[in-house]
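Enquirer: when you get a sec, could you give me coordinates for this:
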Amino acid sequence: MGRKGQPNNYMLGKSGVMRTISSASFSKKARYKFAKPGQKAPPKPAAKPTTVKKQIGGEKNGGTRIVQVKRMSKSYETQVCPHRLQTRKNRFRDHKRKLRASITPGTVLILVAGPYKGKHVVFLKQLGTGLLLISGPYILNGCPLRRINQRYVIATKTKLDISGVTIPKNINDVYFKKQRTKKTKPAEGEIFENKKEVR
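Expert: Next comes the predicted model:
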């Protein structure tokens with residue numbers, strides 16, 4: 001802050017450089033709160049009523065009663081506990097799965113990332129999570145049946161006819177899910193043995 005009677009923004013010595021830039025001075029003076037010359041401030045919205053008059057039946061009840069629009073809570077927490085944040089309405093499972101127009105079933109793709117980058121693969125179909133189901137096939141270039149994001153592939157103009165190829169129904173995202181081993185308390189002599197979870 002400058003001294004009394006002096007501006008807050010002043011030149012530093014004889015360098016020609018001001019103490020603060022124009023944007024900082026703009027925010028310090030809060031010029032954005034004031035209307036420009038000839039500009040009228042927008043009208044403030046009318047305040048909503050907090051109470052409302054309600055008709056009450058019965059001869060001994062007075063006929064009308066003033067009640068609050070927003071009722072007060074009946075109980076209050078004695079301790080401030082962390083609450084779980086509200087989840088998004090549009091969950092991942094509800095997202096729209098988009099696919100590039102250049103990628104169609106049978107299109108030959110070039111992988112640009114992963115252990116098989118540089119390989120030419122064939123696009124089979126798009127899975128529920130939006131990932132692409134591709135295959136080398138394995139017998140030709142060693143690339144097995146796997147999933148990949150479409151941002152890591154380059155679509156070519158070469159296209160194969162895969163109308164005669166039938167993809168089993170169980171080939172989905174659950175098929176590629178990693179199996180978790182069930183942890184059990186080891187008995188004597190079974191310290192290094194793990195039993196796999198049976199589905």
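
Enquirer: ok, which stretches of the protein are strands?
Expert: With DSSP state E as the definition, the chain shows strands at residue ranges 51-55, 64-68, 107-111, 120-126, 132-135, 146-148, 153-159, 181-182, 195-196.

Enquirer: so which elements touch the third one?
Expert: Helices and strands in packing contact with strand 107-111 are listed as strand 120-126, strand 132-135, strand 153-159; criterion 3 or more CB pairs under 8 Å, 6 or more residues apart in numbering; DSSP states H and E. Any C-beta I mention is one placed from the backbone N, CA and C, and that applies to glycine too.

Enquirer: rerun at 7 Å
Expert: The contact analysis (3 or more CB pairs under 7 Å, 6 or more residues apart in numbering; DSSP states H and E) places strand 107-111 against strand 120-126, strand 153-159.

Enquirer: what does the second one give?
Expert: Contacting strand 64-68 under the criterion 3+ CB pairs under 7 Å, 6+ apart are the following elements: strand 51-55.

Enquirer: which strands border the strand it packs on, and is each parallel or antiparallel?
Expert: strand 64-68 (antiparallel) (DSSP bridges).

Enquirer: can you give me the neighbour number for residue 121?
Expert: Using other CB atoms under 10 Å, residue 121 has 24 other residues around it.

Enquirer: I misspoke; the intended subject was residue 93.
Expert: Residue 93: 7 neighbours (other CB under 10 Å).

Enquirer: residue 173 versus that one, what's the distance?
Expert: Taking CB to CB, to the nearest Å as the measure, residue 93 falls 11 Å from residue 173.

Enquirer: determine which stretch of the helices and strands packed on strand 107-111 is the most buried.
Expert: strand 120-126 (a mean of 19; mean count of other CB atoms under 10 Å).

Enquirer: list the helices and strands that strand packs on?
Expert: Using 3+ CB pairs under 7 Å, 6+ apart: strand 120-126 touches strand 107-111, strand 132-135.

Enquirer: please compute how far the shortest one lies from its chain's middle.
Expert: Mean C-alpha position of strand 132-135 versus that of the full chain (CA atoms, centre = their mean, to the nearest Å) differs by 25 Å.

Enquirer: alright, calling it a day.
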